[in-house]
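Peer 1: Need coordinates for the following:
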Amino acid sequence: MILKSIEIRNFRNHIHTQIEFSDNLNLFIGGNAQGKTSILEAISYLCLTKSFNSNSDSYVLNFNARFFEVFGKFELDNGHEVIVKVNFESGIGKKVYLNKETVDKFSIVVNKLPIVILAPRTKEVIYGSPEDRRKFFNLLIAQLSSTYADEIIDYRKVLKQRNKILSAIAKNEIKFEQGIELLNVWDEEFLNYSAKLTFKRMRFINDFIGFFKNAYSNFGEVENPEIEYATQVQLNTQDNFETIKEKFKAEIIKLRAEEIKRGITLIGPHRDEYVFKINGRELRRYASQGQMKTFLVALTIAKFFYLKEKKSETPILLLDDVFAELDVERTQKLLSIVGNIGQVFITATDLNMPVEVEKRFKVKKFIVNSGRVFDA
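Peer 2: Just a heads-up that it's a prediction; the model follows:
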């Protein structure tokens, strides 16, 4: 997949920016706060309908504007053209258009246009909380399955209702018997979604781990990296949906009194964890900084090839300020593996590093200054 061009209006400090991209490496050079990352964020809006760098659409809206708009033309691997437009207006909200048709479910766009991002915030998957790792893998699974993305949304709604009832019982806001009756109704939905999501996550990890180990081996390390999916119920890799559901059911019965006492759901996919290990030891506790960086880059490479194979579509790769986050060796290894088989977008402030990149790849350079983009 190739992003041929983009047009941006009122997006952070870009009032009106139009860019024609190279099919290979696109390098954006400029000082801090000049608008380099904003271009990558705009590309993220086209593929994920949101920024990788901000939690709210209003944060990327230019201070003096009431709306922003991102428009992009893609060419898929089969030669078909796809046009995406994202429009956000203050007080109204966000609309997404795919080939000029309004998209009701954004998961349709996420599933159609594969993208892989390595940015400063991506390292939270290694250093951050279990929630950061769930977000990382939730997005990857959602890029393969729009159904999974919808099920995550539905699960959160059910969880919110279940927590509301548990809290009401704990605070004596409703009669105990009435609360239990309501809880029993929502438990069935909760168990269904818990089993569905857990089953899909287990299948995904079993499938993904081979891609990850292969990516890690590219760094020449004689180590055994692992990713384990840890749930609060004892599961086997052979367990099917019904078995998982029954195990969850037994556990919530066991936890009933404690959940009512604390007024919150104590089990479910929202509390699960992806555990990273090297040679049997947990990465966060025992690994060196170098091993953690290698793990992060290997995850990025594995994600790229996993999406490419499963979707039969080559992802585009965004590398935001990676030269500041990674050392030269790991950055060059990443580019040497994916740089010649896909379209890559890179931001950099260091003028020397682009020279090194230019020696090995066909690069189109842009200078970014105060929200304006010039061919270099």
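Peer 1: what about the residue nearest to the spatial centre of the chain, which SS state?
Peer 2: Nearest to the geometric centre of the chain sits Leu139, at 4.0 Å (C-alpha atoms, centre = their mean). Per DSSP: H, G, I helix; E, B strand; the rest coil, the secondary structure class of Leu139 is helix.
Peer 1: Next: Asp350.
Peer 2: coil.
Peer 1: and it, how many neighbours?
Peer 2: The burial count assigned to Asp350 is 12, neighbours taken as other C-beta atoms under 10 Å. In short, each C-beta sits where N, CA and C put it, glycine included.
Peer 1: if I look at it, how far off is Ala324?
Peer 2: According to C-beta to C-beta, to the nearest Å, Asp350 and Ala324 sit 8 Å apart.
Peer 1: if we can go back for a sec, okay, the residue nearest to the centre of the chain: pLDDT?
Peer 2: According to the prediction, Leu139 has pLDDT 95.
Peer 1: same deal with the one 10 residues further on?
Peer 2: According to the predicted model, the pLDDT of Ala149 comes to 92.
Peer 1: Quick one: residues contacting it.
Peer 2: Applying C-beta atoms under 8 Å, 6 or more residues apart in numbering, we find Ala149 in contact with 107, 110-111, 138, 142.
Peer 1: ok, so of these, who is nearest Thr122?
Peer 2: Nearest to Thr122 among the contacts of Ala149 is Asn138, at 14.2 Å by C-beta to C-beta.
Peer 1: Ile152 is in contact with that closest one, correct?
Peer 2: Yes. Taking contacts as C-beta atoms under 8 Å, Asn138 lies within contact range of Ile152: 6.0 Å.
Peer 1: The two: which has the busier surroundings?
Peer 2: Higher neighbour count among Asn138 and Ile152: Ile152, with 21 against 17, using other C-beta under 10 Å.
Peer 1: can you confirm the more buried one is in a strand?
Peer 2: No. Checked against three-state DSSP, Ile152 lies outside a strand; its state is helix.
Peer 1: Give me the distance between it and Lys200.
Peer 2: For Ile152 relative to Lys200 (C-beta to C-beta), the value is 10 Å.
Peer 1: Which of the three states applies to the residue lying closest to Leu326 once chain neighbours are set aside?
Peer 2: Beyond its immediate neighbours in the sequence, the residue positioned closest to Leu326 (C-beta to C-beta, 6 or more residues apart in numbering) is Lys293, lying 5.8 Å away. In the three-state summary, Lys293 is assigned as helix, counting by three-state DSSP.
Peer 1: ditto for Glu173
Peer 2: Relying on three-state DSSP, one would call Glu173 coil.
Peer 1: what about Gly79, helix or strand, and which?
Peer 2: Using DSSP states H and E, Gly79 sits in no helix or strand.
Peer 1: can you check the one 4 residues further on too?
Peer 2: Using DSSP H and E, Ile83 maps to strand 81-89.
Peer 1: Extract the C-alpha trace of that strand and format it as PDB.
Peer 2: Written as PDB, here are the backbone C-alpha positions of strand 81-89 (Å, rounded to 0.1, in the frame of the first residue of the first chain):
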ATOM      1  CA  GLU A  81      -7.200   3.600  -5.400                       C
ATOM      2  CA  VAL A  82      -8.700   4.400  -2.000                       C
ATOM      3  CA  ILE A  83      -9.600   7.900  -0.900                       C
ATOM      4  CA  VAL A  84     -10.000   8.800   2.800                       C
ATOM      5  CA  LYS A  85     -11.200  12.100   4.300                       C
ATOM      6  CA  VAL A  86     -11.400  12.900   8.000                       C
ATOM      7  CA  ASN A  87     -13.200  16.000   9.100                       C
ATOM      8  CA  PHE A  88     -13.500  17.300  12.700                       C
ATOM      9  CA  GLU A  89     -15.500  20.400  13.600                       C
END
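Peer 1: That one pairs with which strands?
Peer 2: Each strand that pairs with strand 81-89, with its direction, by DSSP bridges: strand 67-75 (antiparallel), strand 93-98 (antiparallel).
Peer 1: Out of these, which one sits most buried?
Peer 2: Most buried of the strands paired with strand 81-89, by mean neighbour count (mean count of other C-beta atoms under 10 Å): strand 67-75, with a mean of 20.
Peer 1: where do the helices sit along the stretch 1-150 of the chain?
Peer 2: Using DSSP state H, counting those that start in this stretch, the helices of the stretch 1-150 of the chain run over 36-48, 107-112, 124-127, 130-144, 146-170.
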